[in-house]
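Student: my questions concern the predicted model and sequence given below.
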Amino acid sequence: MDKRREIPGLPPGWIREECIRQCGLSSGRTDVYYISPDGMKIRSKPQLAKYLGENFDLSAFDFRAGKVINNSLKKSKGQKRTSYDYARGMRHDANLALPIRQTASIFKQPVTVIRNHTDSVTKTDLKHGPQEQPKQLFWEKRLHGLRASDSAEELMLSLDLPKSIQGIGPELTTENILQSISAALHLSTIPVVGQQSQKHNLQKNPGVHMDVTQPHIQQVVVSDEDIQKQESKVQEARRKLQEWMK
């Protein structure tokens with residue numbers, strides 16, 4: 001079911017389209033698209049801003065509602081127009097380490113250590129040499145209650161874990177386990193196999209027995225049968241995609 005209408009907040013000829021999903025887990029949800037006068041289909045606000053160019057201000061434009069928000073328009077008056085950052089959210093930092101620091105450094109310029117007390121000890125003067133900064137073991141719990149959304153600002157559904165993947169840790173949710181697995185796949189250069197220590201040791205003293213380079217799951221062994229099943233799913237997904245693109 002589609003609903004189309006012209007948009008007052010965009011140049012003449014633009015059409016807004018609402019499409020209700022008919023099947024799948026997200027059945028009943030609405031997708032919003034914009035169609036340009038030349039037939040280009042726009043699926044997100046960043047794509048729309050890139051298409052229209054820097055001279056067109058979309059700061060007060062509500063992508064899902066298809067209208068200009070007056071309150072935002074008043075606030076944006078008098079402000080200098082800046083270019084849209086299309087790379088936001090897509091940058092990749094090879095040195096990324098979780099949990100990510102949430103505050104900026106208070107020192108904007110290089111600083112010099114001035115010793116006012118003879119007993120002062122710097123990091124490099126410690127008895128056993130420079131010490132690594134301690135890391136929070138179950139940092140995923142800090143993300144509790146936060147949900148990711150797509151480019152249309154719709155909440156993304158959580159994935160279901162296979163029964164063979166069991167989490168290890170105090171009150172870890174499915175989202176926490178997925179975050180731990182994702183971080184391990186993104187940051188680690190070694191195979192991701194899960195925790196190899198015994199479960200009772202991990203529960204008794206996780207700070208000692210937990211391998212911080214591995215996700216918070218029990219050790220997983222992937223069999224040839226599992227690989228064949230996954231290959232079949234991939235081939236089926238490719239077949240459906242090919243049929244949809246015809």
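Tutor: Received, thanks.

Student: next, find the distance separating Leu48 from Glu153.
Tutor: From Leu48 across to Glu153, the span is 13 Å (CB to CB, to the nearest Å). C-betas here are computed from N, CA, C, even on glycine.

Student: scratch that, Asp62 is what I was asking about
Tutor: From Asp62 across to Glu153, the span is 10 Å (CB to CB).

Student: and what of Leu143?
Tutor: Counting by CB to CB - Leu143 and Glu153 are separated by 19 Å.

Student: if we can go back for a sec, which residues do Leu48 and Glu153 both contact?
Tutor: Phe63 (CB atoms under 8 Å, 6 or more residues apart in numbering).

Student: which one's more surrounded, the two?
Tutor: Using other CB atoms under 10 Å as the criterion, Leu48 and Glu153 rank with Leu48 on top: 20 against 12.

Student: what count of nearby residues applies to the residue nearest to the more buried one when sequence neighbours are not counted?
Tutor: Closest residue to Leu48 apart from its sequence neighbours, by CB to CB, 6 or more residues apart in numbering: Ile42 at 4.8 Å. Ile42: 22 surrounding residues under other CB under 10 Å.

Student: so what does Ile42 have for phi and psi?
Tutor: Dihedral pair for Ile42: phi -110, psi 130, per degrees, to the nearest 10.

Student: go ahead and confirm it touches Tyr33.
Tutor: Yes. Assessed by CB atoms under 8 Å, Ile42 is found in contact with Tyr33 at 6.5 Å.

Student: buried sites along stretch 155-174?
Tutor: Gly167, Ile168, Gly169, Leu172, Thr173 (16 or more other CB atoms under 10 Å).

Student: among those residues, which lie within strands?
Tutor: Applying DSSP state E to the buried residues of stretch 155-174, no entry is found in strands.

Student: list the buried residues in the one helix or strand Gln179 maps to.
Tutor: With elements taken from DSSP states H and E, the one containing Gln179 is helix 174-187. Using 16+ other CB under 10 Å as the test for burial, helix 174-187 gives Glu175, Asn176, Ile177, Leu178, Gln179, Ser180, Ile181, Ala183, Ala184.
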